[in-house]
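Novice: fold the stuff below for me.
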Amino acid sequence: MSSRRPELILVHEPEKACFERLVADGYAPRRAAEVSSYLAQSTDLAPEFDALAAACDRRGLAFAAVELEGVARVLTEADPATTLVWTLTDGIAYFRGGAAPALARLNGLRTIGADDSLFALCQDKFRSGAVLGALGLPAPQAGLARNGNWLVEPPASAAGWFVKPNRLGAKIGIWPDSRVADLGHALELSRRVFAAYRDDVVVQPYVAGRNVRASFLGLTPETGVEALGVAFVESGADFQTMADSLALYGDTGEAAKTAGHYAEPELAPVADSQPVADARIRVIAERLISGLGLRDVFSIDLRVEADDTVHLIEFEVCPGLPCFDFRDYCRQQWALGLADAMAETAASRLRP
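Specialist: Prediction:
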């Protein structure tokens, strides 16, 4: 039997490393900064690594925060009997965090979160949408365009369409005109996205409703969908743009706080005003757990209409743990701060 102390390894990809790699690959610095901003959870959680280490220590665990560049060596040397790997930042295109759970599996190590195949799937919105549809889930159908050309034409829509990057790792529309009334405009947006980010765009029928975030952390392996936190996210806008995202997280978010421009969206439990929709969302989450393989930690983004119609927009296997909504979820559901919630989740998997 191994004599090593059980250890939680948190793998993360820093914004700076991603930015430098993208610039070296020919991206304009402004665009590289925008893309790397999606890794802001690494920036935001780094100041709490000491608190996380202390929370782990109180539970008899060692803790190591490992940057992605050095993770292959660390995981090769880790003891499968005592090691748990938690990947903080995902990615298969601009970001590379999806390699971490695959490397963990290669080395026989246990992981927190979904298996590595879902890390790849969730980062490709067109493919993941097709899978969600095959599972019978209420995800909008989508077209796919690349640099002004249709790869797959979108379905007709009397309400217009919504255009978003396919692999950039977000549900957002990059610009305020991402909701379009004609498909010519959608193709123009695809040219702009391709020029700026080298990405395809997903073009979905616009769906009405309020934005909802469903968050999940399985504090123990037995935790079920009853622990899902389902909340309206009220920002005052119909959808989030790149500028909105930049103002919430990472160094740009800190600058917004300093300047007095930072405003977190308001959260309101869906069950308080639309219990039928809340119940439907929990059924969707259960289907994602049983049919798709989500587990341990994830989030789901949805739109909910006034008549309780629910639209599933996307799922994330690496939710923004240090973000305002996930911290609120940990407080409301588990009465724990983020560091203790993460440490307790890890300890429950590593206890004999």
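
Novice: export the helix or strand hosting Glu286 as PDB, just CAs?
Specialist: Using DSSP states H and E, Glu286 falls within helix 275-287. Only the C-alpha atoms of helix 275-287 are listed here, as PDB (Å, rounded to 0.1, in the frame of the first residue of the first chain):
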ATOM      1  CA  PRO A 275     -41.100  25.900 -10.400                       C
ATOM      2  CA  VAL A 276     -42.300  24.000 -13.500                       C
ATOM      3  CA  ALA A 277     -39.300  25.300 -15.500                       C
ATOM      4  CA  ASP A 278     -37.000  24.400 -12.500                       C
ATOM      5  CA  ALA A 279     -38.300  20.800 -12.600                       C
ATOM      6  CA  ARG A 280     -37.800  20.600 -16.300                       C
ATOM      7  CA  ILE A 281     -34.200  21.800 -16.000                       C
ATOM      8  CA  ARG A 282     -33.500  19.100 -13.400                       C
ATOM      9  CA  VAL A 283     -34.800  16.400 -15.800                       C
ATOM     10  CA  ILE A 284     -32.500  17.800 -18.500                       C
ATOM     11  CA  ALA A 285     -29.600  17.700 -16.100                       C
ATOM     12  CA  GLU A 286     -30.400  14.100 -15.200                       C
ATOM     13  CA  ARG A 287     -30.400  13.200 -18.800                       C
END
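
Novice: could you pull out the buried residues of it?
Specialist: The neighbour-count check on helix 275-287 (16 or more other C-beta atoms under 10 Å) flags 277-278, 280-282, 284-285, 287 as buried. (C-beta placed from N, C-alpha, C; glycine too.)

Novice: which of those residues lies closest to Pro101?
Specialist: Nearest to Pro101 among the buried residues of helix 275-287, counting by C-beta to C-beta, is Ala285 at 20.8 Å.

Novice: who are the neighbours in contact with the closest one?
Specialist: By C-beta atoms under 8 Å, 6 or more residues apart in numbering, the contact list for Ala285 reads 214, 216, 225, 228, 294, 300.

Novice: who are the contact partners of the third one?
Specialist: Meaning Val225. Taking C-beta under 8 Å, 6+ apart, we find Val225 in contact with 216, 282, 285-286, 289.

Novice: rerun at 10 Å
Specialist: Applying C-beta atoms under 10 Å, 6 or more residues apart in numbering, we find Val225 in contact with 214, 216, 281-290.

Novice: let me see the mean pLDDT of stretch 51-69.
Specialist: Mean pLDDT, computed over stretch 51-69, is 97.

Novice: turn the contacts of Ala285 into TSV, columns for pLDDT and distance to Val163.
Specialist: Listed next are the contacts of Ala285 as TSV, based on pLDDT from 0 to 100; distance: C-beta to C-beta, whole Å:
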residue	pLDDT	distance to Val163
Ala214	98	24
Phe216	98	29
Val225	96	32
Leu228	98	29
Leu294	97	26
Ile300	97	21
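
Novice: just those residues: which are in strands?
Specialist: Among those, the residues falling in strands (DSSP state E) are 214, 216, 300.

Novice: chain neighbours aside, what residue packs nearest to the last one?
Specialist: Okay, so that is Ile300. In space, Ile300 comes closest to Ala214 once its chain neighbours are excluded; the distance is 4.2 Å by C-beta to C-beta, 6 or more residues apart in numbering.

Novice: show me what the one you found is bridged to.
Specialist: Per DSSP bridges, the residues bridged to Ala214 are Val230, Ile300.

Novice: surely it touches Arg303?
Specialist: No - using C-beta atoms under 10 Å, Ala214 is not in contact with Arg303, being 12.0 Å away.

Novice: per-residue confidence for Leu350?
Specialist: pLDDT for Leu350: 95.

Novice: let the chain start at 38 from now.
Specialist: Sounds good: first residue 38 from here, last item Leu387.

Novice: that one: how many residues sit nearby?
Specialist: Leu387 has 19 neighbouring residues, counting by other C-beta atoms under 10 Å.

Novice: isn't it right up against Leu121?
Specialist: Yes - contact status for Leu387 versus Leu121: in contact at 5.5 Å, counting by C-beta under 10 Å.

Novice: hey, what's in contact with both of these two?
Specialist: Common contact partners of Leu387 and Leu121 (C-beta under 10 Å, 6+ apart): 43-45, 98, 147.

Novice: which among those residues end up buried?
Specialist: Buried members of the shared contacts of Leu387 and Leu121, counted by 16+ other C-beta under 10 Å: 43-45, 98.
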